[in-house]
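Enquirer: just the structure for this:
(3 chains)
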Amino acid sequence: MLGEGILKGMAETARNFIGSYHDPERLTTVEFPEKRIPAKQNARNFPFLVYDGVDPDMGLRCVACQICEKECPPQCIYIVKDAAKKPDYLGKMQFQPKVFDIDVSVCMSCQICVEVCPFEAIKMDTDFELSNPDRFGGLLQDKHRLSRPNEYYHKIHPTEASEVDARLAAEKAKAEAKARADAEAKAKAAAAASTAKPANPPQPATAK
Amino acid sequence: MQIAFAILVALTLASAIAAVSLRNLVHCALCLALAFAGLAALYLQLGAQFVGFAQILVYVGAVAILVVFAILLTRGGESAPQPVISRSWVAGIAVAVLVFGVLTKAMLSSSLAHREPPPKPGPAVREIGNQLMTRYVLPLEAVGLLLTAATIGASIIAMQDAGRKQPDPQSVASKPANARLRRDAEEFETPTG
Amino acid sequence: MMGDFFKGLLVMIWRVMTDQPDPKAEFLSVFPGGLQPLVSAVLSVSPIILVFATLFALTTWLERKGLGRIQNRLGPNRVGPYGLFQPIADGLKMLTKEDIVPRSADKVVHFLAPIAFLVPTLLAYAVLPYGRNLVPVNFDAGILFFFAVGASTELSIFMAGWSSRNKYSLLGAMRAIAQMISYEIPLILSSVTVIMIAGSLSLVEIVEQQGGYQFGWLPGWFVFTPWGLAGFVIFLIASLAESNRSPFDIPEAESELIAGHLTEYSGFKYALFFLAEYLGMFAVSGLAATLFLGGWRAPSPFLEWVPSYVWFLSKLVSLVCLFIWIRGTVPRLRVDQLLNFAWKFMLPMSLLNLLAAAAWHFTATWNFIGAGPGRWLLCAAMIAVPYVLLGRALTGGKKWTRRTYRFAE
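Expert: Numbers count the residues shown, from 1 in each chain, chains lettered A, B, ... in the order given. Below is the predicted model of the structure:
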């Protein structure tokens, strides 16, 4: 019958109208910025540098290998290696970056730097509220701005962070086990050497 | 009431003169609409509510729009190339004054001018309706017939125009160029085995 | 002297609020005789302008919130509590925007078009009865006056479209005028049925005729008769088209020819067009309420203590809400669908409605058993059967099935 489609449509919109007052499915607006939808785990925006512990300079995982700088397609990373070295999580002395700049206005969030980093030092952040009135330097983020603690990494990408931590801990355990085995072998060799030395007594002293 | 009448007459005359003497044709049409409205105001001033409002409804609401559409669909908006005052304006004014004089004399010397103005009728619309249905029903039906004929005529003219504009599918297919194209297409489609 | 002034003022306000006749007499006696008609006119006109301008602001807010909720979102809610100051923000925006007139536009006509739109629309409010004794002018030919000034607004749309010297404006204006004159006929014909039954063109008289209650509870409004219901629906659809509201908003929608005849208008002139359009919508809703819904009459004998203007305003506002609801529901019609609908469906239906109303009138003297329902059934059948048949014929007998999709292989 002519007109019944319109009436059905009007019934549906009336259902929408009344439902929007009590049914959360019928009013899906989230009033940003007072309320936010929690970001999904796989969200990514721009990179940041991870540091372990509490000191951003000492705990920084980055060893300034400059692989990310070379692999970045728009070449937005700028690294200057520092002459001084610092110990990493395994205790080995590694280089560190003196200057680590990312120009976020150039970065295209492709995540290639994260994929190629061998040291789990650079990861993707989810922070998008980066607007800045300074259009010349405001979007150039330096090392201090880019460094975030490992706890922050756990907060934004829990699964990834736990997986990275587990892997690093396994490596550390393996290194420690190797170091202990080496130390035991060395101690055994040293003990064998020291027991071997008194095995040659000064015999001629008694034989005369 | 004299002041109101004088103002209305001045407005109507001014817009009527503008309607025939402006350069831009659409401006003329709009001034004509204003003249119609002035005329309606004069009817209202005489107490003829129905006629006054019907004048606005029909003339300003329909006839003026018809005039404007006609200008739009035929001439466009360019202004008149030649001056609006023609060269024989002396003869024109003489004829106009003569006609005005004859009409005025005829009206003043007729019986209408010496009659008392009729008393204002009661519910005017009801009276008009009654009269239209009893005493003047033949003019009413004649006007209805005329309007129906006009509507049918307009529809027929519009349908003929539309019919003539569309190309006849038979004639298109029989043109030699199209026949050649069809033959080529058939040749192309047959597999060359 | 001042005491008399304020006393007269208070008496007038009290009399208006309690529906008493002739409220202005005492107040007017304060003024000298020559000034009295002028003061009387100002007293009649200023409440109308104040009330309807405020209603305009509230309706823009209501429309945005209502449409938002229908579309699963909140409307504006930042500017005031629940966004109530949004119309003020919008008004300020319109006032402070630059008024751009195209260089080759016809300046005089471009300037006069919004005025030519607004003035007849405001004139139409002069004949609506807002309450029991609250009609500004009681014309004998009230409805004719209303439609006459409504028809005058079409000329201003042409002026707006033509003076912009923009081919899109011109096309939009032509479409708008074609739409408006096509839908004027069903509008006027559906009100002619009311005029026929009521026997008068005066709106006050028409409301008087809708008094009384059938069976003690059903109001005697014209909408509760078969021809009245059909006439009401036709009138509503035609008035949607006359005020260029969705689904008939081809002239002014953003995706249609930019903005049609309003393309070259900005700032305050656009605000005037906007205002005139909404005022036209209120006027025609007021007329619908007067003709079909009993004007200022209460719907039940127990509610007659509520003042009459409250009933009129609530009926008007509910019609406006209905228009907003329809706007949120129905997609826009194409211009050929629109014109087809007007000439092939609305016009025959309104003529049939006239016949049904005539049948109702002439069967009023039936008094055998079952005459009441019999009348109802006869007149309803006179309208419903052609409606179904015409609807089937015009849609070509097509049935709307579930849409199937064919994807590329």
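
Enquirer: tell me the contacts of the closest residue to chain C within chain A?
Expert: Nearest residue of chain A to chain C (CB to the nearest CB) works out as A:Leu2 at 3.0 Å. The way it works is simple: take the backbone N, C-alpha and C, and place the C-beta from them, glycine included. The neighbourhood of A:Leu2, defined by CB atoms under 8 Å, 6 or more residues apart in numbering or on different chains, consists of C:345, C:387-388, C:390-392, C:394-395.

Enquirer: how about C:Gly131?
Expert: Contacts here follow CB under 8 Å, 6+ apart; on that basis C:Gly131 touches C:16, C:19, C:296, C:307-309, C:312.

Enquirer: narrow the residues you listed to those in strands?
Expert: Among these, no member is found in strands (DSSP state E).

Enquirer: so which of these sits lowest on pLDDT?
Expert: Minimum pLDDT across these is recorded for C:Asp19, with 80.

Enquirer: any weak-confidence spans in chain A?
Expert: A:1, A:197-208 (pLDDT under 70).

Enquirer: please enumerate the strands of it.
Expert: Per DSSP E, chain A carries strands over the ranges A:47-51, A:77-87, A:93-103, A:122-124, A:140-141, A:147-149.

Enquirer: dump those strands into CSV; add distance to C:Ala288 and mean neighbour count as well.
Expert: As requested, the strands of chain A are exported to CSV (distance: least, CB to CB, whole Å; neighbours: other CB atoms under 10 Å in any protein chain shown):
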stretch, distance to C:Ala288, mean neighbour count
strand A:47-51, 63, 23
strand A:77-87, 69, 14
strand A:93-103, 64, 18
strand A:122-124, 60, 22
strand A:140-141, 63, 19
strand A:147-149, 65, 18
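
Enquirer: now the ones you listed as a markdown table including distance to C:Gly161?
Expert: Output for the strands of chain A, formatted as a markdown table (distance: least, CB to CB, whole Å):
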| stretch | distance to C:Gly161 |
| --- | --- |
| strand A:47-51 | 56 |
| strand A:77-87 | 58 |
| strand A:93-103 | 51 |
| strand A:122-124 | 55 |
| strand A:140-141 | 53 |
| strand A:147-149 | 60 |
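
Enquirer: what's the local residue count around the residue of chain C found nearest chain B?
Expert: With CB to the nearest CB, the shortest gap between chain C and chain B falls at C:Ala151, namely 2.5 Å. Taking other CB atoms under 10 Å in any protein chain shown as the criterion, the count of residues near C:Ala151 is 24.

Enquirer: relative to the whole chain's centre, how far out is the helix or strand hosting it?
Expert: According to DSSP states H and E, C:Ala151 maps onto helix C:142-163. From the chain centre to the centre of helix C:142-163 is a distance of 14 Å (CA atoms, centre = their mean, to the nearest Å).

Enquirer: please apply the same query to stretch C:239-247.
Expert: That offset, for stretch C:239-247, works out to 9 Å (CA atoms, centre = their mean).

Enquirer: pretty sure C:Met382 contacts C:Leu355?
Expert: Yes: counting by CB atoms under 8 Å, C:Met382 does reach C:Leu355; the two are 6.3 Å apart.

Enquirer: neighbour count winner among the two?
Expert: Just comparing C:Met382 and C:Leu355: by other CB under 10 Å the higher neighbour count belongs to C:Met382, 21 against 15.

Enquirer: how about the nearest residue to the more buried one, chain neighbours excluded?
Expert: The spatially closest residue to C:Met382, leaving aside those adjacent along the chain, is C:Ala356, at 4.3 Å (CB to CB, 6 or more residues apart in numbering or on different chains).

Enquirer: show me the contacts for the one you found.
Expert: Under the criterion of CB under 8 Å, 6+ apart, the contact list for C:Ala356 reads C:193, C:226-227, C:230, C:379, C:382-383.

Enquirer: show me which pair in these is furthest apart.
Expert: Checking the contacts of C:Ala356 against each other with CB to CB, the farthest-apart pair comes out as C:Thr193 and C:Met382, at 12.2 Å.

Enquirer: can you point me to the longest helix in the chain?
Expert: In the absence of a named chain, this looks at chain A. Here the longest helix in chain A is taken by residue count, with DSSP state H as the criterion, and it is helix A:158-196.

Enquirer: meant chain C, my bad for not saying
Expert: With secondary structure taken from DSSP H, chain C has its longest helix at helix C:36-70.

Enquirer: which other helices and strands does that one contact?
Expert: helix A:4-22, helix C:25-28, helix C:86-96, helix C:268-291, helix C:308-329 (3 or more CB pairs under 8 Å, 6 or more residues apart in numbering or on different chains; DSSP states H and E).

Enquirer: and the angle for that helix with helix C:86-96?
Expert: 110 degrees (axes from the mean of the first three to the mean of the last three CA atoms, to 10 degrees).

Enquirer: and helix C:36-70, average pLDDT?
Expert: In this model, helix C:36-70 has a mean pLDDT of 91.

Enquirer: ditto for stretch C:127-136
Expert: Regarding stretch C:127-136, the rounded mean pLDDT is 89.

Enquirer: end to end, how far does it reach?
Expert: Separation of the first and last residues of stretch C:127-136 by CA to CA, to the nearest Å is 6 Å.

Enquirer: so which bits of it are buried?
Expert: Applying a neighbour-count criterion of 16 or more other CB atoms under 10 Å in any protein chain shown, the buried positions in stretch C:127-136 are C:127-136.

Enquirer: show me the residues you listed that map onto helices.
Expert: With helices identified by DSSP H, none of the entries of the buried residues of stretch C:127-136 belong to them.

Enquirer: from these, pick the one nearest A:Gly9.
Expert: For these, with A:Gly9 as the reference and CB to CB as the criterion, the closest is C:Leu128, at 31.2 Å.

Enquirer: give me the neighbour count for the nearest residue to that closest one once chain neighbours are set aside.
Expert: If the residues on either side of it in the chain are set aside, C:Leu128 comes closest to C:Gly286, at 4.7 Å by CB to CB, 6+ apart. Close neighbours of C:Gly286, defined as other CB under 10 Å, add up to 25.

Enquirer: can you check the one 5 residues further on too?
Expert: When neighbours are counted by other CB under 10 Å, C:Leu291 registers 27.

Enquirer: do the same with the one 4 residues further on
Expert: For C:Gly295, the tally of surrounding residues (other CB under 10 Å) stands at 27.

Enquirer: contacts only, for it.
Expert: Counting by CB under 8 Å, 6+ apart, C:Gly295 makes contact with C:129, C:203, C:206-207, C:210, C:289, C:312, C:315.
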